[in-house]
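>>> please find the sequence and the predicted model below.
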Amino acid sequence: MDKFSRRNFLSAGLLLGASSVFAKETTKTLVNKIPEFILPVVTFPEKKPMKTISDRPALLASNRGRELFTEAITPNDQFFVRWHLPDMPTYIDLNEFRLEVKGSVTTPLSLSVDDLKSKFEPTEITAVLQCGGNSRKYYAVTGQATHGVQWDHDAMGCAVWKGVRLKDLLAHAGVKNSAKWVGLNGLEKPAMEETPDFFREMEIKEALEDQIIVAYSMNGEDLPYLNGFPLRLVIPGHFSDSWVKMLSEIMVMDEYRPSFFMDVAYTVPDNDCECVVSGSDFEYKRKPIAAMKVKSVIGYPLPESAIKKGSRIKIAGVAFDQGKGIKEVMISLDSGKSWSAAKLGEDHGKFAFRPWSYDWEPKTKGDYTIMVRAINRIGNIQPMPDEIGWNAGGYQYNAVDHVNVKIV
Amino acid sequence: MKKKLLLASLLLSTSALFAQVSKPIEMPYVEYPMIKGDHDEVAQQYCLICHSWGYVLNQGKKSRPYWKGTVQKMVNEFKAPIQKEDQQTIINYLVKHYGYEATSEH
């Protein structure tokens, strides 16, 4: 690392609560400092205690923090939660519930969850569910703080999803030749009628891809209500904004329907780097976020841990991408000067978390910065934190992760 | 607030961790602290229609243009029924207690 990026790293440490020895150098970034508000930790239905950013709409992250990301599969009761509208049904009677497939189809369908389970071929896929704003707060470390929920690396998880292929449902309904778009809607409702509904759209050719499923099971169980019981759309490799929860309507359409949640929210600059100068406003041509970017997160050790000299520890975490598959994960123990390969763990498929680990026996006391960097099979590599392109919505953060520890 | 949270987690811990739900789930209520004064009741009246105060706390201290833009987004995009005068009251309250006046970063 050159001097400049090293200094950014030091200020990163400052913002995250490390020593203030370098305060004079970093007054510029201190403006961005987020005041400490200790999040309430509350037990929600079907969940273990979760950090509660908001109870309504529910924005929840596991209280285990990074530690959750040492394993390939995230348990349902610790899986993050992000709703958009305040009115989420708290009871769904499966005798009444129907998924409607309608619009530009020859035979509109009205299907119960039992119909989905008994009349269509089941399929299973292990896939990462990641909010477009995951890790958003780290944009504030090297640039301007961005709009939106200031998530840590905790708005993500990986589960085994089981359900029915979307293309099978569409084939059953008979998509008309004129159809170009598929609209998706769930049961969450705004507080006022005038508020735009959380409505998502995808092009028909994308909707017909093999791996997209309407899931009725998550890690072998019903989905928790907070994760979208009874049905959720699963779009492996894509950010989760269109993984509609409590999915109740699939509307086949001839024309695109403009909507706030497609055209304004969850968008990035429509240029090659999908970025603008840090601090710019939203005055740019936009496109929806879609495929995820190669990313890795350190699950262990936790930041600011004190580790006894000579102890043998296993640095561990997960890596993933848009579905090309992880080729290599590299670890640095000297703030990015040198890198060595981590050991890749069990492969749960190209859309899943790929666990990785690195055995370390620190022999010298002092402060260390552990960094991790992943490369996928088509050569996409994570940018360094001072290299990442900035966007005003704070989407798609995927810079190299780091954890500071002290060897004592 | 602490007491309420503790109670909420006690009540709910017994029913948590079951996959099958046969009756309505009970969503806990979290009372996020709001700084009193400067017409906090106006912010309370309108902002909390659609979202908890947690959304505001999560943003950290923000500039006047930021809070102005946010309130305008609520009105223009999400159709919050807030009159011009009340919008200004909410912006002033947010800037005073959850932000700073400077229009540019120092």
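Arrived safely, thanks for sending.
>>> which residues does the residue in the stretch 251-400 of chain A positioned nearest to chain B contact?
Of all residues in the stretch 251-400 of chain A, A:Phe260 sits closest to chain B, at 5.4 Å by C-beta to the nearest C-beta. From N, CA and C alone the C-beta is placed, and that goes for glycine too. Each residue near A:Phe260 by C-beta atoms under 8 Å, 6 or more residues apart in numbering or on different chains is listed here: A:Pro196, B:Glu77, B:Phe78.
>>> can you show me the strands along chain B?
B:62-63, B:99-100 (DSSP state E).
>>> who are the packing partners of the first one?
Judged by 3 or more C-beta pairs under 8 Å, 6 or more residues apart in numbering or on different chains; DSSP states H and E, the packing partners of strand B:62-63 are helix B:84-98, strand B:99-100.
>>> and A:Glu100, how many neighbours?
Other residues within reach of A:Glu100, judged by other C-beta atoms under 10 Å in any protein chain shown, total 16.
>>> correct me, but it touches A:Leu231?
No: applying C-beta atoms under 8 Å as the test, A:Glu100 and A:Leu231 come out as separate, 11.4 Å apart.
>>> shared neighbours, those two?
Common neighbours of A:Glu100 and A:Leu231 (C-beta under 8 Å, 6+ apart) are A:Ser248.
>>> look up phi and psi at the residue of the stretch 251-400 of chain A closest to chain B.
Dihedral pair for A:Phe260: phi -60, psi -50, per degrees, to the nearest 10.
>>> and A:Asp347, by the same measure?
Torsion angles, degrees, to the nearest 10, at A:Asp347: phi -90, psi 110.
>>> which residues touch it?
By C-beta under 8 Å, 6+ apart, the residues touching A:Asp347 are A:Arg354.
>>> pLDDT score for it?
Per-residue pLDDT puts A:Asp347 at 98.
>>> pLDDT weak spots in the chain?
Using chain A here. For chain A, the stretches with pLDDT under 70 are A:1-36.
>>> meant chain B actually
Ranges of chain B meeting pLDDT under 70: B:1-21, B:103-106.
>>> nearest residue to the middle of it?
For chain B, the residue nearest the mean C-alpha position is B:Trp53 (1.8 Å; C-alpha atoms, centre = their mean).
>>> which non-adjacent residue is nearest that one?
B:Tyr32 (3.8 Å; C-beta to C-beta, 6 or more residues apart in numbering or on different chains).
>>> once you drop chain neighbours, what's closest to A:Thr74?
Using C-beta to C-beta, 6+ apart, the closest residue to A:Thr74 is A:Gly157 (3.4 Å).
>>> can you give me the distance of the one you found to chain B?
16 Å (C-beta to the nearest C-beta, to the nearest Å).
>>> that residue sits in which helix or strand?
strand A:156-165 (DSSP states H and E).
>>> pairing partners for that strand, with directions?
Here strand A:156-165 has these sheet partners by DSSP bridges: strand A:122-130 (antiparallel), strand A:213-218 (antiparallel).
>>> for A:Gly366, which of those strands is the nearest?
Judged by C-beta to C-beta, the one of these that comes nearest to A:Gly366 is strand A:122-130, at 34.3 Å.
>>> so which bits of the closest one are buried?
Buried residues in strand A:122-130, counted by 16 or more other C-beta atoms under 10 Å in any protein chain shown: A:Ile125, A:Thr126, A:Ala127, A:Val128, A:Leu129, A:Gln130.
>>> need the residues that contact that strand.
In contact with strand A:122-130 (C-beta under 8 Å, 6+ apart) are residues A:72-73, A:79, A:155-165, A:211, A:213, A:234, A:236-237, A:239-240, A:243, A:292, A:320, A:348-349, A:351-353.
>>> mind doing that once more with 7 Å?
Here strand A:122-130 makes contact (C-beta atoms under 7 Å, 6 or more residues apart in numbering or on different chains) with A:155-165, A:211, A:213, A:234, A:236, A:239-240, A:243, A:292, A:320, A:348-349, A:351-353.
>>> tell me the spacing between the residue nearest the centre of chain A and chain B.
Nearest to the geometric centre of chain A sits A:Gln130, at 1.6 Å (C-alpha atoms, centre = their mean). Per C-beta to the nearest C-beta, A:Gln130 is found 19 Å from chain B.
>>> again, but for A:Asp93
10 Å.
>>> three-state assignment of that residue?
Following DSSP: H, G, I helix; E, B strand; the rest coil, the label given to A:Asp93 is coil.
>>> about what we covered before: skip the chain neighbours and tell me the closest residue to the residue nearest to the centre of chain A.
Leaving aside its sequence neighbours, A:Gln130 sits nearest to A:Met156 (C-beta to C-beta, 6+ apart; 4.0 Å).
>>> from what I see, A:Thr106 and A:Gly174 are in contact.
Yes: taking contacts as C-beta atoms under 7 Å, A:Thr106 lies within contact range of A:Gly174: 3.5 Å.
>>> which one's more surrounded, the two?
A:Gly174 (15 against 8).
>>> dump the residue contacts of the residue nearest to B:Trp53.
B:Ser52, B:Trp53, B:Gly54, B:Leu57.
>>> in helices, which of the residues you listed fall?
Counting by DSSP state H, the contacts of B:Tyr32 place B:Gly54, B:Leu57 in helices.
>>> what is the nearest of the contacts of B:Tyr32 to A:Gly299?
Of the contacts of B:Tyr32, the one sitting nearest to A:Gly299 (C-beta to C-beta) turns out to be B:Gly54, at 25.7 Å.
>>> wait, what's in contact with the closest one?
Contacts of B:Gly54 (C-beta under 7 Å, 6+ apart): A:Thr52, A:Ile53, A:Ser54, A:Asp55, B:Val30, B:Tyr32.
>>> what's the answer for A:Ala215, then?
A:Trp161, A:Lys162, A:Gly163, A:Leu231, A:Arg232, A:Val234 are the contacts of A:Ala215 under C-beta under 7 Å, 6+ apart.
>>> pull the number of nearby residues for the last one.
Spelled out, it's A:Val234. 26.
>>> over to the first one?
The local packing count at A:Trp161 equals 25, with neighbours defined by other C-beta under 10 Å.
>>> quick one: the closest residue to it other than its chain neighbours from A:Tyr300, how far?
Among residues not flanking A:Trp161 along the chain, A:Ala215 sits closest, at 4.1 Å (C-beta to C-beta, 6+ apart). From A:Ala215 over to A:Tyr300 the distance is 29 Å, taken as C-beta to C-beta, to the nearest Å.
>>> turn the strands of chain B into CSV, including mean neighbour count and distance to B:Lys73.
Output for the strands of chain B, formatted as CSV (neighbours: other C-beta atoms under 10 Å in any protein chain shown; distance: least, C-beta to C-beta, whole Å):
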stretch, mean neighbour count, distance to B:Lys73
strand B:62-63, 18, 13
strand B:99-100, 18, 16
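>>> quick one, domains of chain A?
Per automatic domain parsing, the structural domains of chain A span A:8-38, A:78-288, A:292-407.
>>> so which of the contacts of A:Phe260 sit within helices?
Going by DSSP H, the helices hold none of the contacts of A:Phe260.
>>> my guess is A:Ile375 meets A:Lys324, correct?
No: counting by C-beta under 7 Å, A:Ile375 does not reach A:Lys324; the two are 10.2 Å apart.
>>> so who does the spatially closest residue to A:Ile407 that is not a sequence neighbour touch?
Once flanking residues are discounted, A:Ile407 sits nearest to A:Pro362: 4.5 Å by C-beta to C-beta, 6+ apart. With contact taken as C-beta under 7 Å, 6+ apart, A:Pro362 is in contact with A:Ile307, A:Lys309, A:Tyr368, A:Ile407.
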